[in-house]
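Asks: Below are the sequence and a predicted model for it; my questions follow.
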Amino acid sequence: MFIVGLTGGIGSGKSAAAARFRHHDVNVMDADIAARVVVEPGRPALAAITEHFGADILLENGELDRAALRKQVFDNPEERRWLEQLTHPLIREEIISSLNASYKTHSAPYAILESPLLVESGQVALVQRVCVVDIPEELQLARATARDSNSAEQIRKIMAAQLPRAERCAQAHDILDNSSSLEALNAQVDALHAQYVQLATKPE
Ligand SMILES: CC(C)(COP(=O)(O)OP(=O)(O)OC[C@H]1O[C@@H](n2cnc3c(N)ncnc32)[C@H](O)[C@@H]1O)[C@@H](O)C(=O)NCCC(=O)NCCS
Ligand SMILES: Nc1ncnc2c1ncn2[C@@H]1O[C@H](COP(=O)(O)OP(=O)(O)OP(=O)(O)O)[C@@H](O)[C@H]1O
């Protein structure tokens, strides 16, 4: 299966680009969803997180208190690394099984793995090509702050835990410039889609 990794920092426009790929009936697998599945109640990872951080890290209904954990890990790089060494291998397994389960459910001849940490987590090994959604960091901060309940300070901390813009772009085969309108982004996605269809169907 030809898989394109779609990455970019928080608020760069991955979901917006993914929506346009879906419009072309491309199977898009979202790593953030896999990351939520592996910490659902009953999963071993949630028990390990509760043991490490204490029962206060759970909501009354037994689910993970994501806001509480977000605060813990983005204020403290050591705790973040602890969480990542626990969850990243599980997220990777979840991505592989979801991609296998959804194989051939869409008409496009390739799939997309949408992941904010494609490079940082090593998920890049699962894909044949890397597409980066790129915007200047100030715009990233402005869009992410406008969308989320997170403060600008919190978004800055999350950005600091991700690859710097230049390093991420250096990994890219393709770059989607999302610094202007959604129409401009969509036009770039349409062009890349045509290219990916060709790449995925060309004879070996
Ligand atoms: C800390 C948690 C509980 C916060 O949950 P919350 O619902 O507030 O955020 P959500 O999961 O939707 O992530 C929002 C964005 O934060 C960024 N982000 C999340 N985890 C990380 C991380 N470890 N390092 C850098 N950025 C991250 C990404 O841009 C992501 O899109 C959660 O992000 C988490 O479990 N992170 C560790 C797992 C992970 O690395 N996930 C990223 C996908 S592989
Ligand atoms: N070209 C654009 N013009 C204006 N707003 C945009 C544009 N692209 C995306 N946005 C807005 O910016 C915010 C971030 O975009 P989006 O959710 O697609 O980013 P993301 O990379 O998926 O973020 P995250 O990693 O946090 O999930 C959203 O509110 C979205 O509507």
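Replies: Cool, the structure landed. Residues are numbered from 1 along each chain as shown. Ligands and ions are numbered 1, 2, ... in the order given.
Asks: Look at the residue of the chain most remote from its centre and tell me its secondary structure.
Replies: What lies farthest from the middle of the chain is residue 203; by CA atoms, centre = their mean that is 30.2 Å. Following DSSP: H, G, I helix; E, B strand; the rest coil, we place residue 203 in the coil state.
Asks: residue contacts, it?
Replies: For residue 203, no residue meets the contact criterion (CB atoms under 8 Å, 6 or more residues apart in numbering). Any C-beta I mention is one placed from the backbone N, CA and C, and that applies to glycine too.
Asks: next one: residue 92
Replies: Per CB under 8 Å, 6+ apart, neighbours of residue 92: 121, 122, 123, 126.
Asks: isn't the third one right next to residue 130, touching?
Replies: No - because the distance of 10.3 Å does not satisfy CB atoms under 8 Å, residue 123 is recorded as not touching residue 130.
Asks: overlap in contacts of the two?
Replies: residue 5.
Asks: Can you show me the CA trace of stretch 118-135 as PDB?
Replies: Backbone C-alpha positions of stretch 118-135 (Å, rounded to 0.1, in the frame of the first residue of the first chain) are rendered in PDB as follows:
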ATOM      1  CA  LEU A 118       5.300  11.700  12.100                       C
ATOM      2  CA  VAL A 119       9.000  12.400  12.200                       C
ATOM      3  CA  GLU A 120       9.500  12.700  15.900                       C
ATOM      4  CA  SER A 121       7.800   9.400  16.700                       C
ATOM      5  CA  GLY A 122       9.400   7.400  14.000                       C
ATOM      6  CA  GLN A 123       6.100   6.800  12.300                       C
ATOM      7  CA  VAL A 124       7.800   8.100   9.200                       C
ATOM      8  CA  ALA A 125       9.100   4.500   8.700                       C
ATOM      9  CA  LEU A 126       5.500   3.500   7.900                       C
ATOM     10  CA  VAL A 127       5.200   5.800   4.900                       C
ATOM     11  CA  GLN A 128       6.600   6.100   1.400                       C
ATOM     12  CA  ARG A 129       6.400   9.900   1.100                       C
ATOM     13  CA  VAL A 130       6.200  12.900   3.400                       C
ATOM     14  CA  CYS A 131       4.000  15.900   2.900                       C
ATOM     15  CA  VAL A 132       4.400  18.800   5.200                       C
ATOM     16  CA  VAL A 133       1.700  21.500   5.800                       C
ATOM     17  CA  ASP A 134       3.800  24.600   6.400                       C
ATOM     18  CA  ILE A 135       2.900  28.000   7.900                       C
END
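Asks: Going forward, count from 250.
Replies: With 250 as the first residue, the last one maps to stretch 367-384.
Asks: so does that stretch get close to ligand 1?
Replies: Yes - under the criterion of CB under 6 Å from any ligand atom, ligand 1 is reached by stretch 367-384 at residue 370.
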